[in-house]
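Colleague: Have a look; sequence and predicted model below, questions after that.
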Number of protein chains: 2
Amino acid sequence: MALAKPKRADARRNYDQIVAAAEAEIDRHGADASLEEIARRAGVGSATLHRHFPTRQALLEAVFHDRVEVLCAQADELAKRPDAGAALVDWLRAVAVYGATTRGLARSLLDGGRDPAPPVDSTCEAMLVGAGGELLRLAHDAAAVRPEVSIVDLLTLVNAVSLATEGSTDAAAEATRLVDLALEGVRPRG
Amino acid sequence: MALAKPKRADARRNYDQIVAAAEAEIDRHGADASLEEIARRAGVGSATLHRHFPTRQALLEAVFHDRVEVLCAQADELAKRPDAGAALVDWLRAVAVYGATTRGLARSLLDGGRDPAPPVDSTCEAMLVGAGGELLRLAHDAAAVRPEVSIVDLLTLVNAVSLATEGSTDAAAEATRLVDLALEGVRPRG
DNA sequence: GTACGATATGGGGCGGCACCCCGGTTCACC
DNA sequence: GGTGAACCGGGGTGCCGCCCCATATCGTAC
């Protein structure tokens, strides 16, 4: 379901170069890096970039697709663990750290969940919801999580933490701390 | 300690007009509204805007200063209530809703907490930390909150929620739900 | 009420950006 | 190798943030 586009060889080559350049540039300057600069570094004209990626969000999705896949694979792995509650928490922590340390990812996911007309309904968001949903289901079955908690809310919360900690010194530690706080709550456990 | 600047009458007038125009424009287009457009609507040259507010963050701080003061006053009021835990939670909810429904505020607070060289160390952030810190102290005294929870973490979390929900349809409801989730935690209460 | 220096103003210039048009080039297939 | 379709990218347009400096305005002392 993903092999409809690859038309010509040079187009494919440029596509890959653009994604690679975008990856580097976004890592340097965040989610709103200069598209012109990306095109320049990729060695293509800016028109080519705009043809391949009609919107900035499309480019971000392409750049982060692989990384999100890694997170989803991790979720599948964690799903095998006996303690479903801990598995879910571990995964959410991993997502938060990933988002906090990978510049632009959190922003991309946030905007992706907003877009009025998602071209192919924001894939990254959907992937995470799918993988996390399974973990949450298991946690629910184990009564490790309150029943009214939804995966969308959890991911929004975790992504919010990524967003807020991205760029801090030691973003990973801060993201972890905040996610733990959010998942555990503020009241003392009685 | 805030009356060092007001020098000339026309300057003051332009300053106020710029802030008013910025308020309207930010409400329309979010935290990265066009500064040129703001200057235009304020009836001043763009140079004047840049002279009064050397950085975008400075303008945001000026725009949101009053609103943040309202929140702080609300905190002082809540501090009188007998149930310190509930007071803290109510206030954090209010902050989240305020941030989620006031375009640009959350972004402003986020960036304010980051700035390498805060001109007069981001005032809005400091005000909230001060007012919220008192509420948290009371909650700590009442043992309504785990001792390792800090006000900075709480505000970061709440602001993260604002950031993530700003722009959603019914941002207030979503922000409230997520804050409640974060403050309560995901595990069932035993 | 006038004159004068300090203070503030804004038109206009500069560099950079996103986005798009269209003549020219390159590929894939025969 | 030839041909049509797919693709490319230089360069144009309009908008932006930011800054310089000749000019206008204010506050004050007389």
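Modeller: Thanks, I have it.

Colleague: check contacts around A:Val89.
Modeller: Contacts for A:Val89 (C-beta atoms under 8 Å, 6 or more residues apart in numbering or on different chains) come out as A:183, B:186. C-beta coordinates here come from the backbone N, C-alpha and C atoms, glycine included.

Colleague: which is the next helix or strand following the host helix or strand of it?
Modeller: Element membership for A:Val89 (DSSP states H and E) is helix A:84-101. Following helix A:84-101 in sequence order, the next helix or strand is helix A:105-112 (DSSP H and E).

Colleague: and that next one, anywhere near DNA strand C?
Modeller: No. Under the criterion of C-beta under 7 Å from any atom of the strand, helix A:105-112 makes no contact with DNA strand C; the nearest approach is 12.8 Å.

Colleague: Put the alpha carbons of that helix into CSV.
Modeller: Provided in CSV are the C-alpha atoms of helix A:105-112 (Å, rounded to 0.1, in the frame of the first residue of the first chain):
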residue,chain,number,x,y,z
LEU,A,105,9.4,15.1,15.7
ALA,A,106,7.1,16.4,18.4
ARG,A,107,6.1,19.4,16.4
SER,A,108,5.5,17.2,13.4
LEU,A,109,3.3,14.9,15.4
LEU,A,110,1.4,17.8,16.9
ASP,A,111,0.7,19.5,13.6
GLY,A,112,0.0,16.1,12.0
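
Colleague: That one - contacts with which helices or strands?
Modeller: In terms of contacts (3 or more C-beta pairs under 8 Å, 6 or more residues apart in numbering or on different chains; DSSP states H and E), helix A:105-112 is packed against helix A:56-78, helix A:84-101, helix A:123-141, helix A:151-165.

Colleague: Would the first one count as contacting chain B?
Modeller: In this case it means helix A:56-78. No. Residues of helix A:56-78 are not located near chain B by C-beta under 8 Å from any C-beta of the partner chain, the shortest gap being 13.6 Å.

Colleague: Then the shortest one?
Modeller: Yes. Where contact is defined by C-beta under 8 Å from any C-beta, part of helix A:151-165 touches chain B, namely A:153-154, A:156-157, A:159-161, A:163-165.

Colleague: PyMOL command for the buried members of the residues you listed?
Modeller: Only the buried members of the residues of helix A:151-165 next to chain B enter the following PyMOL selection, criterion being 16 or more other C-beta atoms under 10 Å in any protein chain shown:
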select buried, chain A and resi 153+154+156+157+159+160+161+163+164+165
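
Colleague: and of the residues of helix A:151-165 next to chain B, the nearest to A:Ala139?
Modeller: Nearest to A:Ala139 among the residues of helix A:151-165 next to chain B, counting by C-beta to C-beta, is A:Leu154 at 10.0 Å.

Colleague: thinking again about what came up before, which one of the helices and strands packed on helix A:105-112 lies nearest to A:Val179?
Modeller: Taking the helices and strands packed on helix A:105-112 one by one with C-beta to C-beta, helix A:84-101 is closest: 4.5 Å.

Colleague: tell me the angle that closest one makes with helix A:56-78.
Modeller: Relative orientation of helix A:84-101 and helix A:56-78, computed by axes from the mean of the first three to the mean of the last three C-alpha atoms, to 10 degrees: 150 degrees.

Colleague: Could you give the average pLDDT over helix A:84-101?
Modeller: Per-residue pLDDT over helix A:84-101 has a mean of 97.

Colleague: For chain A, which residue gets nearest to DNA strand D?
Modeller: Proximity of chain A to DNA strand D (C-beta to the nearest atom of the strand) peaks at A:Gly45, 2.1 Å away.

Colleague: And the residue lying closest to that residue once chain neighbours are set aside, which helix or strand is it part of?
Modeller: Using C-beta to C-beta, 6 or more residues apart in numbering or on different chains and skipping the chain neighbours, the partner closest in space to A:Gly45 is A:Ala39 (6.4 Å). According to DSSP H and E, A:Ala39 maps onto helix A:35-42.

Colleague: which residues sit against that helix?
Modeller: A:14, A:17-18, A:20-22, A:24-25, A:45-46, A:48-50, A:56, A:59.

Colleague: can you list the residues of chain A near chain B?
Modeller: For chain A, the residues in contact with chain B (C-beta under 8 Å from any C-beta) are A:85, A:89, A:110, A:114, A:143-146, A:149, A:153-154, A:156-157, A:159-161, A:163-165, A:167-168, A:177-178, A:181-190.

Colleague: Identify the residues contacting the residue lying closest to A:Gly99 once chain neighbours are set aside.
Modeller: Counting by C-beta to C-beta, 6+ apart, A:Gly99 lies nearest to A:Ser162, which is 2.8 Å off, once chain neighbours are set aside. The neighbours of A:Ser162, taking C-beta under 8 Å, 6+ apart as the test, are A:95-96, A:98-100, A:105-106, A:109, A:175.

Colleague: With A:Ser46 instead?
Modeller: By C-beta under 8 Å, 6+ apart, the contact list for A:Ser46 reads A:35-36, A:39.

Colleague: again with A:Val179
Modeller: With contact set as C-beta under 8 Å, 6+ apart, A:Val179 has these partners: A:92-93, A:96, A:158, A:161.
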